[in-house]
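Colleague: Here is the input, now give the coordinates:
(2 chains)
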Protein chains: 2
Amino acid sequence: MDGKSISQAVIARLPRYYRYLGDLKDSGVERISSQDLSRLMKVTASKIRQDFNNFGGFGQQGYGYNVEYLYNEIAKILGLNEKHNLVIIGAGNLGQALANYMNFERRGFIVRGIFDNNPALCGKEIRGIRVQHIDTLEPFIRENSMDIAVLTIPKESAVRTAELLAGCNVKAIWNFAHVDLNVPDNIVVENVHLSDSLMKLSYGIVNK
Amino acid sequence: MDGKSISQAVIARLPRYYRYLGDLKDSGVERISSQDLSRLMKVTASKIRQDFNNFGGFGQQGYGYNVEYLYNEIAKILGLNEKHNLVIIGAGNLGQALANYMNFERRGFIVRGIFDNNPALCGKEIRGIRVQHIDTLEPFIRENSMDIAVLTIPKESAVRTAELLAGCNVKAIWNFAHVDLNVPDNIVVENVHLSDSLMKLSYGIVNK
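Modeller: The predicted structure follows:
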């Protein structure tokens, strides 16, 4: 499969399919037609078939989709069959919330280190992981081959830290800072701009 | 202006324009050409002009954009010239992180109440706001006319709470629970599905 040929819009929909299929699987549903999945997810059945055709289909005419098989296939496409080591940079409320979120670990995202520049937070334990000073971040990443760095720090520090991360082979940055990071193309960046989301909500309120 | 005629894609880009214009304004820049804004934001100049034409333009041929004027106009379009009262439901790490985030307040989003079902958290103060028991949520919203409810609770509680909110005139729900909420069309819902974002990141890692 050549991942590069799949449109961003399709990729953005995959986690939602994965979520619904996981819920169906947990409810003991073994197979589902694209019509039923369509009703459940409020996406047209033809859109569902089109999306899945990007990956070779998954369905059999007249049978529908095998829920567990489809769930596992989408997991593989999303890279959830592999473990990903991650470090959280910024041990404030948001960093702690992410560190404490067990569901990430269940999907293979394992928090290996938590870092902060605030001496008062260093040494504190979050789910058994001791917060370390940010000065030890670079050697830690180099020695432990971290895949993902999560940035839950203010934007000025985020820009500097992203430059440092670019120099030490992290594969991806999950960026919660309210700034667009400038990193080489080989580093995957996914932004969670909470303010942007809140502004879209506000737009919806005043324009409805 | 008829907000309904503007595409979701354009609306989704407005907060980013607002952010860049705010940074330019803070740096003392008074006007900017669409070419310079294009280079800065890595969006084509023609896309920028197209986006702004949805709202009547804002620019003068040969002069460029007046940064402060454009910033203020986009703020109005986004409803940031109005105050929005919000309640946070779920006083865990994520709820506390959002309550403590001063930038939201600067943009007119004022946290008026924080609620949780955990008695151990009730009474605790977060930025001067006492956490109240979830049982008092409904009368609080009715008496204080809250615009936005922020859901930072697990998905099962989120579904139930959204039903309750639908019955007491909140205008919008900012949903951090990992579930799609089923509410009437007159309630604006903006989802922040962190797991979905992390899976997109993971897709990017395994398919690059």
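Colleague: Now do the worst-scoring helix or strand of chain A on mean pLDDT: everything it contacts.
Modeller: Lowest by mean pLDDT, DSSP states H and E among the helices and strands of chain A is helix A:102-106, with a mean of 85. Applying CB atoms under 8 Å, 6 or more residues apart in numbering or on different chains, the external contacts of helix A:102-106 come out as A:98, A:111, B:178, B:195, B:198. C-beta coordinates here come from the backbone N, C-alpha and C atoms, glycine included.
Colleague: Chain A: strands as residue ranges?
Modeller: For chain A, the strands defined by DSSP state E occupy A:31-32, A:65-66, A:84-89, A:109-116, A:125-126, A:129-133, A:148-151, A:172-175, A:188-191.
Colleague: elements contacting the fifth one?
Modeller: Looking back up the chat, that one is strand A:125-126. For strand A:125-126, not one helix or strand is in contact under the criterion 3 or more CB pairs under 8 Å, 6 or more residues apart in numbering or on different chains; DSSP states H and E.
Colleague: for the first one, same thing?
Modeller: Helices and strands touching strand A:31-32, as assessed by 3+ CB pairs under 8 Å, 6+ apart, comprise strand A:65-66.
Colleague: could you redo the last one with a cut-off of 10 Å?
Modeller: Applying 3 or more CB pairs under 10 Å, 6 or more residues apart in numbering or on different chains; DSSP states H and E, we find strand A:31-32 packed against helix A:8-26, strand A:65-66, helix A:67-77.
Colleague: mind putting those in JSON lines, mean pLDDT and mean neighbour count included?
Modeller: Shown next, in JSON lines, are the helices and strands packed on strand A:31-32 (pLDDT from 0 to 100; neighbours: other CB atoms under 10 Å in any protein chain shown):
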{"stretch": "helix A:8-26", "mean pLDDT": "94", "mean neighbour count": "17"}
{"stretch": "strand A:65-66", "mean pLDDT": "91", "mean neighbour count": "21"}
{"stretch": "helix A:67-77", "mean pLDDT": "94", "mean neighbour count": "19"}
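Colleague: so can I have CSV of those showing distance to residue B:120?
Modeller: Listed next are the helices and strands packed on strand A:31-32 as CSV, based on distance: least, CB to CB, whole Å:
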stretch, distance to residue B:120
helix A:8-26, 29
strand A:65-66, 44
helix A:67-77, 36
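Colleague: could you dump those to CSV with distance to chain B?
Modeller: Below are the helices and strands packed on strand A:31-32 laid out as CSV (distance: least, CB to the nearest CB, whole Å):
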stretch, distance to chain B
helix A:8-26, 4
strand A:65-66, 19
helix A:67-77, 7
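Colleague: I figured residue A:41 hits residue A:35, correct?
Modeller: No: Residue A:41 is not in contact with residue A:35 according to CB atoms under 10 Å; the separation is 11.2 Å.
Colleague: for chain A, what are the low-confidence residue spans?
Modeller: Counting by pLDDT under 70, chain A contains low-confidence ranges at A:1-4, A:59-61.
Colleague: Any figure for the gap between the residue located most distally from the centre of it and residue A:35?
Modeller: Distance from the C-alpha centroid of chain A, by CA atoms, centre = their mean, peaks at residue A:62 (34.0 Å). Residue A:62 sits at a distance of 12 Å from residue A:35 (criterion: CB to CB, to the nearest Å).
Colleague: follow-up on the earlier one: which of the strands of chain A sits closest to residue B:78?
Modeller: Of all the strands of chain A, it is strand A:188-191 that lies closest to residue B:78, at 18.2 Å by CB to CB.
Colleague: and the residue farthest from the centre of chain A, what does it touch?
Modeller: Applying CB atoms under 10 Å, 6 or more residues apart in numbering or on different chains, one finds that residue A:62 lies in contact with residue A:33.
Colleague: hmm, back to that, buried deepest among the strands of chain A, which one?
Modeller: Compared across the strands of chain A, strand A:148-151 shows the largest average neighbour count, a mean of 26 (mean count of other CB atoms under 10 Å in any protein chain shown).
Colleague: ok, and does it reach over to chain B?
Modeller: Yes: judged by CB under 10 Å from any CB of the partner chain, strand A:148-151 comes into contact with chain B at A:148, A:150.
Colleague: who does that strand touch, helix- and strand-wise?
Modeller: Using 3+ CB pairs under 10 Å, 6+ apart, the elements in contact with strand A:148-151 are strand A:84-89, helix A:93-99, strand A:109-116, helix A:155-166, strand A:172-175, strand A:188-191, helix B:194-206.
Colleague: From the chain's centroid, how far away is the second one?
Modeller: The chain centroid and the centroid of helix A:93-99 are separated by 15 Å under CA atoms, centre = their mean, to the nearest Å.
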